[in-house]
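Asks: Sequence and predicted structure are below.
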Amino acid sequence: MLNGKRILLIVAGGIAAFKSLELVRRLRGRGASVRCVLTEAGAKFVTPLSLQALTEDRVYSDMFSLTDESEMGHIQLSRDADLLVVAPATANLLARMAGGLADDLAATVLLATDKPVLAAPAMNVRMWTHAATVANVETLKKRGVSFIGPNDGAMACNEYGPGRMSEPEEIVVAIENLLSVDKPLAGKKALVTSGPTREAIDPVRYISNHSSGKQGHAIAAALARLGAEVTLVSGPVTVPDPSGVKVVKIDSADQMLAACLAAGAIDVVVCAAAVADWRVSHPSDAKIKKKPGAAPPALELAPNPDILATLSRSSPQRPRLVVGFAAETENLIANAVDKRQRKGCDWILANDVSPAVGTFGGERNTVHLVSAQGVEDWPTLAKDEVAARLADRIARHLGQPRPAQAAE
Ligand code: CTP
């Protein structure tokens with residue numbers, strides 16, 4: 001995916017610099033060429049020789065080196081790149097970027113560039129949450145700098161929290177997203193369901209679940225980034241509407257189904273919503289009042305329509321690709337395999353939603369792609385990265401010629 005792309009990788013001084021070596025390897029493995037700028041502090045963690053060997057190019061460090069400047073001036077370094085990646089982006093380098101300093105080669109190149117910049121922060125949790133860093137990141141985002149991470153986790157300083165640099169694979173996916181110039185889903189229509197549904201008990205009470213909508217919304221955004229015309233049918237969530245997507249807001253499962261059917265002919269549907277399985281048979285028009293001494297009201301439930309199963313049904317209007325999720329707390333794969341067959345969809349993304357795993361509402365997800373071809377385990381990724389990977393898979397699938405049989 002990165003054939004012919006030129007990355008200028010700026011390696012600053014943090015323990016996570018060791019991951020930058022792996023990042024170079026992966027980027028080159030995807031066809032990109034990588035040139036490195038290593039800060040003085042960065043050179044305390046990785047050697048120029050390692051970066052030089054992995055990039056098969058010389059490494060740039062010294063702004064005042066006559067040879068460096070005559071062979072490859074700081075302006076040329078940025079001109080020759082499609083994207084600047086700062087990994088690790090330390091608190092110090094982020095502060096210098098935000099302040100517009102040009103006190104070493106890395107900061108000067110970043111100030112002089114008109115190319116997109118991606119920063120992968122890495123620092124101690126207190127430094128990351130410090131008001132100064134928060135303000136610097138805010139400033140840089142407003143100026144258009146993209147960020148990936150940091151992730152939560154145990155750190156070299158024996159603390160736990162946000163501050164770990166994203167894994168090289170995650171950074172590669174972010175780079176691919178930023179550089180995705182082609183729109184493989186242009187002309188394709190996609191439908192995504194997201195968030196929970198609410199089933200009314202009376203005008204003030206409802207049955208619902210913990211779905212945040214983060215995964216479904218990220219999928220809608222990722223499909224739109226690849227050029228698809230996306231309709232997102234969403235239950236009540238607090239995550240913002242993704243840009244470039246038509247959002248239809250609903251409350252109940254019945255409304256979600258109606259909105260999906262109204263979307264018309266579509267090429268791919270991804271059902272990421274956590275639809276309530278049951279609704280209250282006879283919701284009260286007025287608020288149910290407590291009657292002193294009386295037993296609590298019994299709620300009679302009726303099954304909700306299964307939206308995924310409905311959209312999977314074989315018909316001339318069936319989308320070419322129907323993707324569902326399996327939210328499970330036990331027997332993850334076996335239940336997902338069974339669910340795929342029962343609902344008649346093409347792919348199921350199985351994820352563990354046990355509270356201890358933190359999928360609902362969390363930032364990351366571990367999914368397994370279940371298809372007729374078998375089960376593919378994906379690494380634990382940020383929900384955005386799961387979405388990008390899925391969108392990429394969908395684009396590849398829809399790009400293939402249509403097989404004779406409907407079931408793929
Ligand atoms: N789904 C749907 N409509 C429903 C229930 C579920 O479209 N009424 C979709 C979800 O969006 C998801 C998939 O079906 O893509 C599986 O949802 P899940 O909650 O894992 O399974 P259920 O069908 O609810 O089955 P169970 O509760 O028995 O696990």
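Replies: Great, that's in hand. Just so we're clear, the structure is a prediction, and the values are computed from it rather than from any experiment. Numbers count the residues shown, from 1 in each chain.
Asks: Mind jotting down where the strands sit in the stretch 1-150 of the chain?
Replies: Taking DSSP state E, counting those that start in this stretch as the criterion, the stretch 1-150 of the chain contains strands spanning 6-11, 33-38, 59-60, 83-89, 117-121, 146-147.
Asks: Can you add mean neighbour count, distance to A132 and mean pLDDT and give those back as TSV?
Replies: All C-beta spots, glycine's among them, are computed from the backbone N, C-alpha and C. Shown next, in TSV, are those (neighbours: other Cβ atoms under 10 Å; distance: least, Cβ to Cβ, whole Å; pLDDT from 0 to 100):
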stretch	mean neighbour count	distance to A132	mean pLDDT
strand 6-11	25	21	98
strand 33-38	24	24	98
strand 59-60	24	28	96
strand 83-89	27	14	98
strand 117-121	25	13	97
strand 146-147	18	16	94
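Asks: could you dump the ones you listed to TSV with distance to A102?
Replies: Formatted as TSV, the strands of the stretch 1-150 of the chain follow (distance: least, Cβ to Cβ, whole Å):
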stretch	distance to A102
strand 6-11	14
strand 33-38	13
strand 59-60	15
strand 83-89	15
strand 117-121	15
strand 146-147	21
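Asks: Out of the ones you listed, which is closest to the ligand?
Replies: Within those, the stretch nearest the ligand is strand 146-147; the backing value is 29.8 Å (Cβ to the nearest ligand atom).
Asks: Which positions in the stretch 151-300 of the chain make contact with the ligand?
Replies: For the stretch 151-300 of the chain, the contact set with the ligand under Cβ under 6 Å from any ligand atom comprises 193, 253, 271, 273-275, 277.
Asks: ok, 5 Å please
Replies: Counting by Cβ under 5 Å from any ligand atom, the residues of the stretch 151-300 of the chain lying close to the ligand are 271, 273, 275, 277.
Asks: Buried subset of those, written for PyMOL?
Replies: A single PyMOL command is used to select the members of those judged buried by 16 or more other Cβ atoms under 10 Å:
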select buried, resi 271+273+275
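Asks: before we move on, back to that, could I get the strands of the stretch 1-150 of the chain in CSV, plus columns for distance to the ligand?
Replies: Below are the strands of the stretch 1-150 of the chain laid out as CSV (distance: least, Cβ to the nearest ligand atom, whole Å):
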stretch, distance to the ligand
strand 6-11, 36
strand 33-38, 39
strand 59-60, 48
strand 83-89, 35
strand 117-121, 32
strand 146-147, 30
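Asks: With respect to G374, which of those lies nearest?
Replies: With Cβ to Cβ as the criterion, G374 lies closest to strand 117-121 of those, at 32.9 Å.
Asks: The closest one pairs with which strands, and in what direction?
Replies: Taking DSSP bridges as the criterion, strand 117-121 sits next to strand 83-89 (parallel), strand 146-147 (parallel) in its sheet.
Asks: Okay, now the unreliable bits of the protein?
Replies: Regions of the chain meeting the criterion pLDDT under 70 cover residues 66, 69-71, 181, 243, 404-408.
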